[in-house]
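Novice: Sequence and predicted structure below; questions after.
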Amino acid sequence: MATLALLGLAQGPLFALCWVLYLSLVHLGQDFLSFQWDILLVETGFLALLLAPWRHLWPRWPRDEPPPPAAAVWLLRLLLFKLMFSSGLTKVHLRQARAEHQLEEQQPKEPHRRGRRRRLVPGPARP
């Protein structure tokens, strides 16, 4: 199907069929297909439906095609921005989690025997 669409044969309906099949695959394989790139493919496939020619079922010369709708182009730009922004947030979050993990690793897990006794024995107030 995708090969026929790439050759220019009924691009709109074939892209729609490919998108519905992939969306059903993502829905059925929820635990295995819940990564960022899977959702990105679903969103990009939907936006490809807005860009695909629907009027012509047979291939045409590219110069005979009308320009893509401006709204679809802006939605693609918005999708690219969302991808870049969410990837940056993920990096920041992972960096913070890694720093917290390293801080926990530097802390002693159990105090020394004498330190534990000294902490339990009341004494003068410590600064």
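Specialist: Structure received.

Novice: hey, which helix is longest across this protein?
Specialist: When the chain is parsed with DSSP state H, its longest helix is helix 70-106.

Novice: Can you give me the distance of Leu40 to Ala97?
Specialist: If you measure Leu40 against Ala97 using Cβ to Cβ, to the nearest Å, the figure is 23 Å. The C-beta positions use only the backbone N, C-alpha and C, and glycine is treated the same way.

Novice: ok, those two, which is more surrounded?
Specialist: When neighbours are counted by other Cβ atoms under 10 Å, Leu40 comes out ahead of the other of Leu40 and Ala97, with 15 against 10.

Novice: how many other residues sit next to the nearest residue to that one once chain neighbours are set aside?
Specialist: Spatial nearest neighbour of Leu40, excluding adjacent residues (Cβ to Cβ, 6 or more residues apart in numbering): Leu83 at 6.2 Å. By the criterion of other Cβ under 10 Å, Leu83 has 15 neighbours.

Novice: Read off the pLDDT value for Leu83.
Specialist: Among the per-residue scores, Leu83 shows a pLDDT of 89.

Novice: Would you check how far apart it and Arg77 are?
Specialist: Applying Cβ to Cβ, one obtains 11 Å for the distance of Leu83 from Arg77.

Novice: again, but for Gly88
Specialist: Counting by Cβ to Cβ, the gap from Gly88 to Arg77 is 17 Å.

Novice: same check, this time on Trp37
Specialist: Using Cβ to Cβ, one obtains 19 Å as the distance from Trp37 to Arg77.

Novice: what separates Val73 from Ile39, distance-wise?
Specialist: Val73 sits 21 Å away from Ile39 when distances are taken as Cβ to Cβ.

Novice: ok, now Arg55?
Specialist: 30 Å.

Novice: more crowded one of the two?
Specialist: Neighbour comparison, Arg55 and Ile39: the larger count goes to Ile39, with 13 against 8 (by other Cβ under 10 Å).

Novice: Many thanks, we can stop here.
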